[in-house]
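# give me the fold of what follows.
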Amino acid sequence: MLSRLPPLPAVRAFEAAARLGGFQSAGEELHVSAGAVAHQVKQLESWLGVSLFQRLPRGVTLTPAGRQYAAALQPLLTSLAEVSDAVRRQGDERVVTVTSVPSLVARWLMPRLGRLREQHPEIDMRVLASLHPVDFVREGVDVAIRLGRGPYPGLQADLLLEEWFSAVCSPAFKATAPELRTPADLLRYPLLHDEVEMRIPDEISWARWFKEFGITYTGGTRPSFSHTYLTLEAVANGQGVAIAAEPFIAEDLRSGKLVRLFEQRVPGPYRFHLLRLPEAEARPAVKAFCDWIKAEAQAERG
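As a prediction, the model looks like this:
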């Protein structure tokens, strides 16, 4: 039987390339180079004795045999992932795997994990920071916190946190700018940018934030940072002013590390939702975590 199985790493590389439409995207998902994916696919093609991809000057496309193989593989790999996940979980029911965007992990979730340990010492947390859409079964994820509008078909979803954007700076920076009294005054000061606002349609940027107050902003996008938590570290070090949503700045506002420049806040177009498969809370550890984090978020919104 084993001699009739194709090389499984090559199968995994092919499935990713077929699903994502190319070797480069597959390599990014599998954390290897596009060349490594191409090599694995070539190995699988040699084993099967048939071409699975047609190589084109600008990319690849599945051959008829490749389409047939990919369609048959997907349910098989899904079943393998499901049964493997079920067996793995029998080994340790205490582990809860949660994923969220890096800035929410760093700025909101991490400061609260101490309270989770106090209330639920039986839970072993596994926290993943990621931006990509979640495949719960394939990635072994129990709970995801994602920013969006919904709905989320096939998932159980609860509102967790809302976005309210404020202009913030360090206390030291504010002390050096006594004439900074209105949003229009900000145009004379260094404004820090999140690159994430360029990746999320309709997210609040400086231009959209100023527009709420009838101000036209035509400035550039520098300095900029790849994640909100990096932008806010620069702000805390006195490098300028940033706009950030309430979940990311709440702890620093309470501690005095950051200060809000104005009372005006701008609502964001999205909300953070708690997502999981409908059967996830059959595990007591997952249910306890979900109940805990919803209570934390409710207290934050309140």
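
# part of a helix, is Trp164?
No: assigned with DSSP: H, G, I helix; E, B strand; the rest coil, Trp164 falls outside any helix and is strand.

# my read: it touches Gln264, true?
No: contact criterion CB atoms under 8 Å: Trp164 and Gln264 do not qualify, at 10.1 Å. C-betas here are computed from N, CA, C, even on glycine.

# now for the chain, the helix or strand with the poorest mean pLDDT.
In the chain, no helix or strand scores lower on mean pLDDT, DSSP states H and E than helix 196-199, which sits at a mean of 55.

# buried stuff in whichever helix or strand comes after that helix?
Toward the C-terminal end, the helix or strand that comes next after helix 196-199 (DSSP states H and E) is helix 206-211. Residues of helix 206-211 classed as buried: Trp206, Arg208, Trp209, Phe210 (neighbour count, 16 or more other CB atoms under 10 Å).

# out of those residues, which is nearest to Val168?
Among the buried residues of helix 206-211, Trp209 lies closest to Val168 (CB to CB), at 11.8 Å.

# show me the contacts for the spatially closest residue to Ser33 that is not a sequence neighbour.
Distance criterion CB to CB, 6 or more residues apart in numbering; nearest residue to Ser33, sequence neighbours excluded, is Gly27 at 5.4 Å. Neighbour list for Gly27: Ser33, Ala34, Gly35, Ala36, Val37 [criterion: CB atoms under 8 Å, 6 or more residues apart in numbering].

# so which of those belong to helices?
Ala34, Gly35, Ala36, Val37 (DSSP state H).

# ok, back up a step: export the buried residues of helix 206-211 to JSON lines and tack on distance to Ala18 and pLDDT?
Shown next, in JSON lines, are the buried residues of helix 206-211 (distance: CB to CB, whole Å; pLDDT from 0 to 100):
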{"residue": "Trp206", "distance to Ala18": "41", "pLDDT": "91"}
{"residue": "Arg208", "distance to Ala18": "39", "pLDDT": "90"}
{"residue": "Trp209", "distance to Ala18": "42", "pLDDT": "93"}
{"residue": "Phe210", "distance to Ala18": "45", "pLDDT": "93"}
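
# how much space separates Ala242 from Ala175?
Per CB to CB, to the nearest Å, Ala242 is found 17 Å from Ala175.

# more neighbours: those two, which one.
Ala242 (26 against 11; other CB atoms under 10 Å).

# paired strands for the helix or strand that one falls within, with orientation please.
Element membership for Ala242 (DSSP H and E) is strand 242-245. Looking at strand 242-245 with DSSP bridges, its partner strands are strand 156-169 (antiparallel).

# ok now the strand it pairs with, how far from the chain's centre?
Centroid separation between strand 156-169 and its chain, computed with CA atoms, centre = their mean, to the nearest Å, is 14 Å.

# can you give me the mean pLDDT across it?
For strand 156-169, mean pLDDT rounds to 95.

# C-alpha coordinates for the helix or strand that the strand holding Ala242 is followed by, PDB please?
Using DSSP H and E, the helix or strand that follows strand 242-245 towards the C-terminus is helix 246-255. What follows is helix 246-255, C-alpha atoms only, in PDB (Å, rounded to 0.1, in the frame of the first residue of the first chain):
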ATOM      1  CA  GLU A 246      -9.600  52.000  20.400                       C
ATOM      2  CA  PRO A 247      -8.700  48.300  20.900                       C
ATOM      3  CA  PHE A 248      -5.100  49.100  20.100                       C
ATOM      4  CA  ILE A 249      -4.600  52.100  22.400                       C
ATOM      5  CA  ALA A 250      -6.900  51.400  25.400                       C
ATOM      6  CA  GLU A 251      -4.200  50.000  27.600                       C
ATOM      7  CA  ASP A 252      -1.700  52.800  26.800                       C
ATOM      8  CA  LEU A 253      -4.300  55.400  27.400                       C
ATOM      9  CA  ARG A 254      -5.100  54.000  30.800                       C
ATOM     10  CA  SER A 255      -1.400  53.700  31.800                       C
END
